[in-house]
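**Student:** Okay, predicted coordinates and the sequence, questions at the end:
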Amino acid sequence: MGRQQQGHGKAPLPMRDGVAASYLWLPEGQWPDMLTFMVQRYPDVNEASWRERMARGDVVDADGTPLHPASAYRRGMRIFYYRELERETPIPFSEQILFQDEHLVVVDKPHFLPMIPTGRFLHETLLVRLKKTLGEEELTPIHRLDRETAGVVIFSRRQSSRGAYQSMFQKRVIEKEYEALAPRLEGREFPFTYRSRMVDGDKFFLMREEPGEPNSETLIDVIEHRADATLYRLRPHTGRKHQLRVHLSSLGIPIVNDAFYPVALPCKQDDVSQPLKLLARAIAFTDPLSGLRREFASARSL
């Protein structure tokens, strides 16, 4: 539903309760007025709600001029508004800030908390929670963790230095270590490297493997065997979506409580009783600005 304002100059609407204004470039088309367009564009938001938001001055153009229901529709215009949800289920787990300096905020994310606003999540996302806590509009994640995964994740505080940190992930010079609980894998010498070719699956949110040149690679080792499962150490050398989940599932040892692999189960919606047993344990890198060695570890355990 629109894009959140980031890196495009100063938004005409300020951050409100941790939520940055979203924006939209008006597309080619014929609409008699702004209200008709907004109702048609966002069918989940009713006409009365748009009228109320416009009356509050919460829908504006790029200059900050309030738009009204009868305002003319002009193709190519950029409009700003706040994303709102009528109902949002609280996520009963807290994040912890592990480290912060003038450029970075390093956070220990809990299971079930999405990284950024999407779908039915807005205030119950790590980004909006941190923006509320720190009061910083420019805060942006440098990389992502799945909603189901817990552990260490890094945010950028400054647009001016963001590129230097993002390039570390693109160049794969970041050392990432995960832990996963899964069934015991027999007949393998540890550690070993698993490689495969991963592509988008049939369902938009899933990945799958296919024959061909590998584009994903994970080093897999055993930390300990437990009575009911094995704790594995995983070091991904690539960063494909759902890479660790797909790799372990393909080896016949899907991660405990994985609702996507090997079979996508019906959505559990707000059930938080069975977290995916996958943890982003640690991240290490040489800071591109200071040259210092940085190492951050989650305080959580599986």
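**Tutor:** Structure received.
**Student:** Give me the secondary structure label for G163.
**Tutor:** helix (DSSP: H, G, I helix; E, B strand; the rest coil).
**Student:** if I look at it, how far off is S156?
**Tutor:** 9 Å (C-beta to C-beta, to the nearest Å). No exception for glycine: its C-beta is placed from N, CA and C like everyone else's.
**Student:** for I283, same thing?
**Tutor:** Remark: distance between I283 and S156 (C-beta to C-beta) = 14 Å.
**Student:** just to revisit the earlier point, look at G163 and S156 and report which has more neighbours.
**Tutor:** The neighbour count for G163 versus S156, taken as other C-beta atoms under 10 Å, is higher for S156 (20 against 12).
**Student:** pretty sure that one is touching R162, no?
**Tutor:** Yes: at 4.2 Å, S156 and R162 qualify as touching, with contact defined as C-beta atoms under 8 Å.
**Student:** Overlap in contacts, the two.
**Tutor:** Residues touching both S156 and R162 (C-beta atoms under 8 Å, 6 or more residues apart in numbering) are T140, I142.
**Student:** So E47 sits against V39, correct?
**Tutor:** Yes: here E47 lies in contact with V39, judged by C-beta under 8 Å, at a distance of 5.1 Å.
**Student:** Residues contacting stretch 106-115, please?
**Tutor:** Around stretch 106-115, the neighbours that count as contacts under C-beta under 8 Å, 6+ apart are 91, 93-100, 121, 124-127, 129-130, 141, 144-145, 147-155, 272, 275-276, 280, 283, 296, 298-300.
**Student:** which among these end up buried?
**Tutor:** For the contacts of stretch 106-115, burial is judged from neighbour counts taken by 16 or more other C-beta atoms under 10 Å, and it is met by 91, 95, 98, 121, 124-127, 129-130, 141, 145, 147-155, 275-276, 280, 283, 296, 298, 300.
**Student:** out of those residues, which are inside helices?
**Tutor:** L126, L127, R129, L130 (DSSP state H).
**Student:** Out of these, which is nearest to R51?
**Tutor:** Nearest to R51 out of these is L127 (C-beta to C-beta; 29.1 Å).
**Student:** what sits against R53?
**Tutor:** Per C-beta under 8 Å, 6+ apart, neighbours of R53: V59, Y81, Y82, E84.
**Student:** What about the second one, how many residues nearby?
**Tutor:** This means Y81. For Y81, using other C-beta under 10 Å, the count is 22.
**Student:** Report the beta-bridge partner residues of it.
**Tutor:** Taking DSSP bridges as the rule, Y81 bridges to S22, V59.
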